[in-house]
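Peer 1: Please work out how this folds:
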Amino acid sequence: MVKGYFIDDNYRKVIIAKARRFCKAKNKALATAGTAAANESEFFNRLLDGKTCTVDKFLDVMRWLDGNTPQAKRRTPLKSNGARVN
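Peer 2: Numbers count the residues shown, from 1 in each chain. Here you go, the predicted structure:
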């Protein structure tokens, strides 16, 4: 565990999934997210190609994504009859 993030062999999947959520929410390309988060347009594509990054870069990018990705809107729960709960 490093500063709030558990880093293991799946770290690429974790950071790519978070980057894709950012891209979907903001309607941006992965390269645009790489430039904004890591100051490197090919950052996420390099990870997809199996390359690595430093722990510091991983933490910086994760913090950036955490601070810049909108939270998913919570849906209003439904009653058993299908009506929305106010």
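Peer 1: going forward, measure contacts and count neighbours with C-alpha atoms only.
Peer 2: Fine.
Peer 1: Asp56: neighbouring residues, count only.
Peer 2: When neighbours are counted by other C-alpha atoms under 10 Å, Asp56 registers 10.
Peer 1: do the same with Asn10
Peer 2: Neighbour tally, Asn10, other C-alpha under 10 Å: 9.
Peer 1: Next: Val14.
Peer 2: For Val14, using other C-alpha under 10 Å, the count is 14.
Peer 1: Also Met62?
Peer 2: Neighbourhood size, Met62 [other C-alpha under 10 Å]: 20.
Peer 1: Name the helix or strand for it, please.
Peer 2: Following DSSP states H and E, one finds Met62 within helix 55-68.
Peer 1: So what touches that helix?
Peer 2: Residues outside helix 55-68 that contact it (C-alpha atoms under 8 Å, 6 or more residues apart in numbering): Tyr5, Ile15, Lys18, Ala19, Phe22, Ala37, Ala38.
Peer 1: could you dump that helix to PDB, C-alpha only?
Peer 2: Only the C-alpha atoms of helix 55-68 are listed here, as PDB (Å, rounded to 0.1, in the frame of the first residue of the first chain):
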ATOM      1  CA  VAL A  55       5.600   4.500  -8.600                       C
ATOM      2  CA  ASP A  56       5.800   8.300  -8.300                       C
ATOM      3  CA  LYS A  57       4.300   8.700 -11.800                       C
ATOM      4  CA  PHE A  58       1.600   6.200 -11.100                       C
ATOM      5  CA  LEU A  59       0.700   8.100  -7.800                       C
ATOM      6  CA  ASP A  60       0.800  11.500  -9.500                       C
ATOM      7  CA  VAL A  61      -1.500  10.300 -12.400                       C
ATOM      8  CA  MET A  62      -3.900   8.500 -10.000                       C
ATOM      9  CA  ARG A  63      -4.200  11.600  -7.900                       C
ATOM     10  CA  TRP A  64      -4.800  13.700 -11.000                       C
ATOM     11  CA  LEU A  65      -7.500  11.400 -12.200                       C
ATOM     12  CA  ASP A  66      -9.100  11.300  -8.800                       C
ATOM     13  CA  GLY A  67      -9.300  15.000  -8.700                       C
ATOM     14  CA  ASN A  68     -10.500  15.500 -12.200                       C
END
